[in-house]
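Undergrad: Coordinates for the following, if possible.
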Amino acid sequence: GGNVFIYNGTSVMKDCTLGEGNGAEGGCVYLRDGLITNCTIRANGTTKGSGGGIYITNGTVADTTIDGAGGTMSWHGGCIYMKGGTVRDTICRNGVCTSTSGRNGGNFYMENGTLANVTLENGTCTAEGGNLYVTGGAITGLICRGGTSGSNGGNIRATNGATITDAVSSRRYIRRSSAT
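TA: Take a look at the predicted model:
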């Protein structure tokens, strides 16, 4: 993480504001097995890897806002890249993934894990999932609007058994969907 590296299941980062991080994985924060809560993260730095704001491996993010406006991403997840873990009651907006090599999930790239009550707005990527690219995992209470992608899934691209329940994508309500 460009600003903070959290590597412990009992570590907690709360009530903070971070910005302009420049990290290889997690422009502002790399989170492994800890908790981030009630924070504002401006993912407006440069990330050479994935996760413009936060890179998560089995950690939890709650009650947090991540804004990718002005950031430069080269891989996946302009605001968050998650490989297992939980994100709940969180807002991600203005995430960007525009490289020609890896560029899925303008706001959020999820590889397994759980999303609950998350809002994704105005994400942009050159490949799939303008707001969200998800491969496996469970999602409930999702709002996606304003996503733009270069190919599949302007708002959402779901694969590999991802389950989405009670979601709104722009003006479309999704009751239950399982992707294969």
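Undergrad: only C-alpha atoms for contact and neighbour calcs from this point on.
TA: Noted.
Undergrad: Low-confidence ranges, the chain, go.
TA: Within the chain, the stretches with pLDDT under 70 are 44-47, 72-74, 99-102, 171-180.
Undergrad: Show me which strand runs longest in it.
TA: strand 80-93 (DSSP state E).
Undergrad: and the closest residue to Gly84 other than its chain neighbours, how many neighbours does it have?
TA: With sequence-adjacent residues excluded and distances taken as C-alpha to C-alpha, 6 or more residues apart in numbering, Gly84 is closest to Gly113, at 4.1 Å. For Gly113, the number of neighbouring residues by other C-alpha atoms under 10 Å comes to 22.
Undergrad: got a list of what Gly113 touches?
TA: Counting by C-alpha atoms under 8 Å, 6 or more residues apart in numbering, Gly113 touches 58, 82-86, 136-138.
Undergrad: Go through the residues you listed and say which is closest to Asn3.
TA: Within those, the smallest distance to Asn3 is 17.6 Å, found for Met82 (C-alpha to C-alpha).
Undergrad: Look up how far Ser170 lies from the closest one.
TA: The span separating Met82 from Ser170 equals 23 Å under the rule C-alpha to C-alpha, to the nearest Å.
Undergrad: More neighbours: these two, which one.
TA: Between Met82 and Ser170, counting by other C-alpha under 10 Å, Met82 is the more crowded of the two (27 against 14).
Undergrad: mind listing what the more buried one touches?
TA: Applying C-alpha under 8 Å, 6+ apart to Met82 gives the contacts 51, 55-58, 108-113.
Undergrad: Which of those has the largest number of neighbours?
TA: Counting neighbours by other C-alpha under 10 Å, the top entry in those is Gly51, with 36 neighbours.
Undergrad: correct me, but that one touches Lys83?
TA: No - under the criterion of C-alpha atoms under 8 Å, Gly51 lies out of contact with Lys83, with a separation of 10.6 Å.
Undergrad: When you filter the contacts of Gly113 down to buried only, what's left?
TA: In terms of neighbour count (16 or more other C-alpha atoms under 10 Å), the buried residues within the contacts of Gly113 are 58, 82-86, 136-138.
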